[in-house]
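*Asks:* return atomic coordinates for the entry below.
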Amino acid sequence: MADPFTLSVVQAGLDSAAEEMFEVLRKTAMSPIIYEVLDVGTGITAADGALVSSGAGIPSFVGVLDKSVKAILAKEGGRIEEGDVFVTNDPNFGGVTHLNDVVVAEPVFFEGACVAWVASIAHWGDIGGSTPGSMATDVTGIVAEGLRLPIVRLFSRGERNAAVADIIQTNSRLPDFVTGDLWAQVSAGRRAARLIRGLCARYGAETIRSAIDDAHATGRARALQGLAELPRGTFEVAQPQDDGSTWRAKITIAEDSFTVDLRDAPDQSPGPYNTCRDGALVACQILFKALTDPDRYANAGSFEPLRVLTRPGSLFDPSPEAAHGYYFETRIRLIDMLWRGLAEQGGVDLPAGSFASIFGVVIAGRHPVTGRRYTMVEPQMGGWGATRERPGNDAMFSTNHGDTFNCPIEVAEARYGFEVIGKWLGARHEAAGEHAGGRGVHTRYRLHADAVISAGFSHGVVPVWALPGASEGGLNRLTLARDGETEAQPTFLSKRRIAAGDELEIATARGGNARAG
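*Replies:* Got it, this is the predicted structure:
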């Protein structure tokens, strides 16, 4: 086995490969949701699919990539060859999220053997389906949501499969954008693969494998160290939802394990609000990492003590026909419920509730000057909860959206052709003896041409929760102003037509308060 210094250098090299993959994708993609918002994830896995390192991006996306690679290995097995590149977006075949999020993965060979995989995931603005932006709320099955790619070869032994690329382009309302984003992901993977082969040439493939094993052991040790600081026991958690239901789960914390039991979850939804079992696992991984080792360091070892139990046919383990378009709201509400349960029932030192929503709003239409089709989709920022020591943070992205940014106003106006007429912080809720939750954000758009909108958000009915004894947070809201009248919009909608001159306002909630002291 190589000495610790060499192992550390190789591990840093693998981290750098993931970061460079991220930078190539950011600098070459066509869509603002990728190059400005950074709605992407990049990662390196071992030959068996175990996560090794990740670039910047969305935590819930990074958690997808190892599962995607393992799905490819399960399907293709011994048929994987040097020069292959795979693409998938189907939650039933390693896609994990929804059809807009496309995974591109490539095995890295050295001297005839696979030593690693490089993979990326990115949100594409339109993948077909019944509404522009491919995020309809009135669908009852995944077949209506858009083009499904159930693990297909984009390249076979280095030869491009033109038919797959043509199918993707033909099934999108934004063919130029999806084509550009696809090849940006391919190029990013090739860059990282070249760097990994360079490490192999310098240090040897066996040293690369030893470095990966050592990193996994370190990840596990760090997780167990953090786990030792948590209270032991079984905690029953519950959270009321906007639709009037109450979700329930159990968390059992032992010396060497952290088990989340989701078998009491509601049955799967007839609408696009399901998340696959791997998606539920990703949500629990985000929470587990925040509790045990909140630093950026993460690999397969970091999650080894985690166990997640689900029930087939439930919201968190649905059938293959289930729709997934708004999986992200289900996933973030799951984290919100578990977070609240540990704060209230387990006595874990956590902030009060946040606005807890991606609040994904899609505006799709034609640019009023160029006539070119566009689809704007952007996660929103909102208020985070206070702690007993300090007020909550203002204008933060959700727990699922770590290294992301809002799209600059100048870019949005130039690319989409509408006007951003205001962006401002909402109000705090000050109360005696309490630290106030962080402020949400108001954003107001004025349309200069007809468009279609889709949206989905949580905490539109049930306010953001506070720590015991303190004041609740606010509500997320979406309103449409037309002809002097302002109308509140439902928490989930699609195919809503808006006209030139209409104004759309997104208002995210403030975080929950906490008693000072």
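
*Asks:* element containing Ala280?
*Replies:* Element membership of Ala280 [criterion: DSSP states H and E] is helix 277-292.

*Asks:* could you point out the longest helix of this structure?
*Replies:* Counting by DSSP state H, the longest helix found in the chain is helix 175-203.

*Asks:* how far does the helix or strand just after it sit from its chain's centre?
*Replies:* Scanning forward in sequence from helix 175-203 by DSSP H and E, the next helix or strand is helix 205-227. When C-alpha coordinates are averaged (CA atoms, centre = their mean, to the nearest Å), helix 205-227 and its chain have centres 25 Å apart.

*Asks:* could you do stretch 161-180 as well?
*Replies:* Centroid displacement of stretch 161-180 relative to its chain, using CA atoms, centre = their mean, is 23 Å.

*Asks:* over to stretch 226-236?
*Replies:* Taking CA atoms, centre = their mean, one finds stretch 226-236 lying 26 Å from the centre of the chain it belongs to.

*Asks:* so that it lines up with my notes, have the first residue be 15 from now on.
*Replies:* Sure thing, new numbering starts at 15, so read that last one as stretch 240-250.

*Asks:* am I right that Ala252 falls within a helix?
*Replies:* No: Ala252 is assigned strand when assessed by DSSP: H, G, I helix; E, B strand; the rest coil, not a helix.

*Asks:* any idea what it is bridged to?
*Replies:* Arg262 (DSSP bridges).

*Asks:* quick one: neighbours of it, just the number.
*Replies:* For Ala252, the neighbour count with other CB atoms under 10 Å is 14. The C-beta positions use only the backbone N, C-alpha and C, and glycine is treated the same way.

*Asks:* which residues touch it?
*Replies:* Going by CB atoms under 8 Å, 6 or more residues apart in numbering, Ala252 touches Thr260, Trp261, Arg262, Ala263, Met351, Gly355.

*Asks:* can I get those residues in a markdown table including neighbour count, distance to Ala370 and pLDDT?
*Replies:* Formatted as a markdown table, the contacts of Ala252 follow (neighbours: other CB atoms under 10 Å; distance: CB to CB, whole Å; pLDDT from 0 to 100):
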| residue | neighbour count | distance to Ala370 | pLDDT |
| --- | --- | --- | --- |
| Thr260 | 10 | 16 | 96 |
| Trp261 | 21 | 13 | 97 |
| Arg262 | 17 | 17 | 97 |
| Ala263 | 22 | 16 | 98 |
| Met351 | 25 | 9 | 97 |
| Gly355 | 20 | 14 | 95 |
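
*Asks:* what's the closest non-adjacent residue to the residue most central in space within the chain?
*Replies:* Centroid-nearest residue in the chain, with CA atoms, centre = their mean: Ser74, separated by 3.8 Å. Distance criterion CB to CB, 6 or more residues apart in numbering; nearest residue to Ser74, sequence neighbours excluded, is Asn414 at 4.4 Å.

*Asks:* pretty sure the one you found contacts Phe342?
*Replies:* Yes: taking CB atoms under 8 Å as the definition, Asn414 is a contact partner of Phe342 at 6.6 Å.

*Asks:* mind listing the shared neighbours of those two?
*Replies:* Residues touching both Asn414 and Phe342 (CB under 8 Å, 6+ apart): Ser74, Ile372.

*Asks:* the two: who's more crowded?
*Replies:* Shown here are Asn414 and Phe342; by other CB under 10 Å, Phe342 has more neighbours (29 against 23).

*Asks:* neighbours of the closest residue to that one other than its chain neighbours, how many?
*Replies:* Leaving aside its chain neighbours, Phe342 sits nearest to Ile372 (4.6 Å; criterion: CB to CB, 6+ apart). By the criterion of other CB under 10 Å, Ile372 has 26 neighbours.

*Asks:* what strand or helix carries Ile372?
*Replies:* Using DSSP H and E, Ile372 maps to neither a helix nor a strand.

*Asks:* the one 3 residues further on now?
*Replies:* Under the assignment given by DSSP H and E, the secondary-structure element containing Val375 is strand 374-380.

*Asks:* tell me the mean pLDDT for stretch 432-448?
*Replies:* Mean per-residue pLDDT for stretch 432-448: 96.

*Asks:* likewise stretch 135-147?
*Replies:* Rounded mean pLDDT across stretch 135-147 is 96.

*Asks:* mind listing what's buried in that stretch?
*Replies:* Buried positions in stretch 135-147, judged by neighbour count with 16 or more other CB atoms under 10 Å: Ile135, Ala136, His137, Trp138, Gly139, Asp140, Ile141, Gly142, Gly143, Thr145, Pro146, Gly147.

*Asks:* what about that stretch, how long is it end to end?
*Replies:* This stretch, stretch 135-147, spans 17 Å end to end (CA to CA, to the nearest Å).

*Asks:* now the strands for the stretch 15-164 of the chain?
*Replies:* Per DSSP state E, counting those that start in this stretch, the stretch 15-164 of the chain carries strands over the ranges 54-60, 65-71, 99-102, 115-124, 127-137.

*Asks:* next, the angle strand 54-60 makes with the fourth one.
*Replies:* With axes from the mean of the first three to the mean of the last three CA atoms, to 10 degrees applied, the angle from strand 115-124 to strand 54-60 works out at 30 degrees.

*Asks:* so strand 115-124 versus helix 219-241, what angle?
*Replies:* Here the directions of strand 115-124 and helix 219-241 differ by 130 degrees (the same axes, to 10 degrees).

*Asks:* where in the protein is the helix or strand with the lowest mean pLDDT?
*Replies:* Scoring the helices and strands of the chain by mean pLDDT, DSSP states H and E places strand 65-71 at the bottom, with a mean of 83.

*Asks:* which strands and helices lie in contact with it?
*Replies:* helix 18-42, strand 54-60, helix 73-90, helix 219-241 (3 or more CB pairs under 8 Å, 6 or more residues apart in numbering; DSSP states H and E).

*Asks:* other SSEs contacting the first one?
*Replies:* Going back to what we said before, that points to helix 18-42. helix 46-49, strand 54-60, strand 65-71, strand 127-137, helix 189-217, helix 219-241.

*Asks:* hmm, back to that, would you agree the residue nearest to Ser74 falls within a strand?
*Replies:* No: if the criterion is three-state DSSP, then Asn414 is coil and not within a strand.

*Asks:* for it, grab phi and psi.
*Replies:* Phi and psi for Asn414, reported as degrees, to the nearest 10, are phi -80, psi -10.

*Asks:* OK, contacts around it?
*Replies:* Counting by CB under 8 Å, 6+ apart, Asn414 has contacts Ile72, Pro73, Ser74, Ile300, Phe342, Arg345, Ile346, Ile349, Ile372.

*Asks:* gap between the last one and Leu320?
*Replies:* Separation of Ile372 from Leu320 (CB to CB, to the nearest Å) stands at 23 Å.

*Asks:* same deal with the second one?
*Replies:* From Pro73 over to Leu320 the distance is 14 Å, taken as CB to CB.

*Asks:* for Asp98, same thing?
*Replies:* Separation of Asp98 from Leu320 (CB to CB): 31 Å.
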